[in-house]
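Visitor: could you look at this predicted model? Sequence included:
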Amino acid sequence: MTPRPEGPGADHPLALRSRMLAALRAFFAGRGFVEVETPVRVAAPALETHIDAEPSGDRWLRTSPELHMKRLLARGWPRLFQMGPCFRRGERGELHHPEYTMLEWYRAPGDAAAILGDLRALLPEAALAACGRPAARRGGIEIPLDGPWEILTVADAFRRWAGWDPVEAFDADRFDLDLVDRVEPALPRDRPVVLTEYPAAAAALARLKPSDPRVAERWEAYLGGVELANAYSELTDPAEQRARFEACAAGRRARNRDVYPLDESFLSTLARMPPAGGAALGVDRLAMLLAGADSLDAVMAFRE
Amino acid sequence: MYTASDLRKGLKIELDGTPYEIVEYNFVKPGKGQAMYKCRIKNLKTQTTQDRTFREVDAIGKPDLEQRNVRYSYNDGQHYVFTDPKTYEEFGLNTDNLGEARYFLTDDIEVSLLFHNGAVIGVEFVKPFVEKEIVETEPGVRGDTATNVTKPAKIDSGHEIRVPLFINQGDWVRIDTRTGEYVERVARR
């Protein structure tokens, strides 16, 4: 092997991040996933009530590669992943940066449960490669990634820590506020936590659970109280998908926010998309958690 | 009015008629949810802090605050009277306005007054350290230079502070007006 030249050491967070990126790619490549790159400048960013796209000439910078990934699933690719930059206007904080790196992976046939299986295998492997042990760290507390995971429904978490059940009666404002003020601060810190079965009103692009359509087959994974990944059993019903986009558009219009055009290319291929599961994971956040750092500052080469 | 996206560390806001300063500020945004701002805010009247999360829909008041640097002039028996050296405007403050600060006043000392809706809610010494004479204390213990063992001592205003054992009546000491605590012995003025 070529000797490593002088410079910051192998324990530098950027060196850790580099090993982590290689391990993430190796994990998916080893399981038959094909890495793809899809357009960064897009004509129709996914419509979400609270996500703003950065304009780029007559287009927008993507807020996620989701819609293009699904068009590839519709073309018959069974296992796909992509790792690359995404942009969200105005998001800046210890855990946010307007330009960040997202990992998305999809399997078809598949669902949110299969994707959770991927995550549970992925995290210890990435951690071992990045920092020599299968664990993350947040606020000085070690989070073993190959030990027990806490999996609980959103209804259970809200009943326990916020005193109400958002599945019975959803209130979007109260849901967001109690999630950050009551639920997230109370989540166990010493093991990975997965919140599952989001209220149907917070389904985003997830399909509803066939046996209980009040909830969506969507989960969010947390490490040390930090949201790391979001996954769905993907919605494949074009009519339902159009209705949800239109509801988002109406919500954005009511809030005086830009309303993006509907992605008709995506909608027209959705009927051909097989049942699939997919997830989006914040790569910068994972690097931060593996490095045991307090903010994204440590693991981004530039925070400008 | 402010909206949540105007918030930043150091900004002064008004909630339910009370002025606050934002001392900690964090942008948060749960998956697919709305942007929120988790803040620690300090009540500018009581100096107590609390946590508060703001949403983009929350309307946040802009307080009418004014800061004026004035000098202590005299006590007319009811009020401590301060004068603005530029306009010669006088402000009479009572013991509630001043709190402990009234014990550390000296002629002409400069203080910063914070007004909310025209009423004084805060008093700070522009230079936080003042020098005061000890007018009453047990005789000093010569050679005992330990500063962690203390005894009571009165300053000219009659206020009692804690001083190290080696301090004598007639000594001058420096006091931190923010904590009301002894700092060090200083040369006699």
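Guide: On my side now, so go ahead. Residues are numbered from 1 along each chain as shown, chains lettered A, B, ... in the order given.
Visitor: what helix or strand is B:Gly10 located in?
Guide: Using DSSP states H and E, B:Gly10 falls within no helix or strand.
Visitor: give me the phi and psi angles of B:Pro139.
Guide: B:Pro139 adopts backbone torsions of phi -60, psi 150, taken as degrees, to the nearest 10.
Visitor: which non-adjacent residue is nearest it?
Guide: B:Asn168 (6.5 Å; C-beta to C-beta, 6 or more residues apart in numbering or on different chains). C-betas here are computed from N, CA, C, even on glycine.
Visitor: check whether that neighbour really touches B:Val135, as I assumed.
Guide: No - counting by C-beta atoms under 8 Å, B:Asn168 stays clear of B:Val135, with 11.2 Å between them.
Visitor: is chain B contacted by stretch A:129-141?
Guide: No - taking C-beta under 8 Å from any C-beta of the partner chain as the criterion, stretch A:129-141 and chain B are apart, separated by no less than 14.1 Å.
Visitor: tell me which residues of that stretch come out buried.
Guide: Buried positions in stretch A:129-141, judged by neighbour count with 16 or more other C-beta atoms under 10 Å in any protein chain shown: A:Ala129, A:Ala130, A:Cys131, A:Pro134, A:Ala135, A:Ala136, A:Arg137, A:Arg138.
Visitor: quick one: contacts for the fourth one?
Guide: In this case it means A:Pro134. A:Leu123, A:Pro124, A:Glu125, A:Ala127, A:Leu128, A:Pro144, A:Leu145, A:Asp146 (C-beta atoms under 8 Å, 6 or more residues apart in numbering or on different chains).
Visitor: one more time with 7 Å
Guide: Counting by C-beta atoms under 7 Å, 6 or more residues apart in numbering or on different chains, A:Pro134 makes contact with A:Pro124, A:Ala127, A:Leu128, A:Pro144, A:Leu145, A:Asp146.
Visitor: any idea how far it is from A:Arg92?
Guide: To A:Arg92, A:Pro134 is 31 Å away according to C-beta to C-beta, to the nearest Å.
Visitor: give me the nearest residue to the residue of chain A found nearest chain B, chain neighbours excluded.
Guide: Nearest residue of chain A to chain B: A:Gly93, at 3.0 Å (C-beta to the nearest C-beta). Among residues not flanking A:Gly93 along the chain, B:Phe27 sits closest, at 3.0 Å (C-beta to C-beta, 6+ apart).
Visitor: and for the residue nearest to B:Pro139, the neighbour number?
Guide: 15 (other C-beta atoms under 10 Å in any protein chain shown).
Visitor: surely it and B:Gly140 touch.
Guide: Yes - contact criterion C-beta atoms under 7 Å: B:Asn168 and B:Gly140 qualify, at 4.1 Å.
Visitor: circling back: please, which helix or strand holds the residue nearest to B:Pro139?
Guide: Counting by DSSP H and E, B:Asn168 is part of no helix or strand.
Visitor: so what does it have for phi and psi?
Guide: phi -110, psi 160.
Visitor: quick check: it vs chain A, distance?
Guide: 49 Å (C-beta to the nearest C-beta, to the nearest Å).
Visitor: report pLDDT for that residue.
Guide: B:Asn168 carries a pLDDT score of 90 in this model.
Visitor: go on, B:Ala187?
Guide: For B:Ala187, pLDDT reads 88.
Visitor: how many neighbours does it have?
Guide: B:Ala187 has 7 nearby residues by other C-beta under 10 Å.
Visitor: could you do B:Arg102 as well?
Guide: 18.
Visitor: give the bridge partners for the spatially most central residue of chain B, please.
Guide: Closest to where the C-alpha atoms of chain B average out (C-alpha atoms, centre = their mean) is B:Glu124, at 4.3 Å. When bridges are called by DSSP bridges, B:Glu124 pairs up with B:Ser112.
Visitor: hang on, the earlier thing: out of the buried residues of stretch A:129-141, name the ones that lie in helices.
Guide: A:Ala129, A:Ala130, A:Cys131 (DSSP state H).
Visitor: TSV for those residues, including distance to A:Ser265 and pLDDT?
Guide: What follows is those, written out as TSV (distance: C-beta to C-beta, whole Å; pLDDT from 0 to 100):
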residue	distance to A:Ser265	pLDDT
A:Ala129	37	97
A:Ala130	37	97
A:Cys131	41	94
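Visitor: hmm, back to that, the residue of chain A closest to chain B and A:Asp176, how far apart?
Guide: 15 Å.
Visitor: hang on, isn't B:Tyr182 packed against B:Arg162?
Guide: Yes - using C-beta under 7 Å, B:Tyr182 is in contact with B:Arg162, at 6.3 Å.
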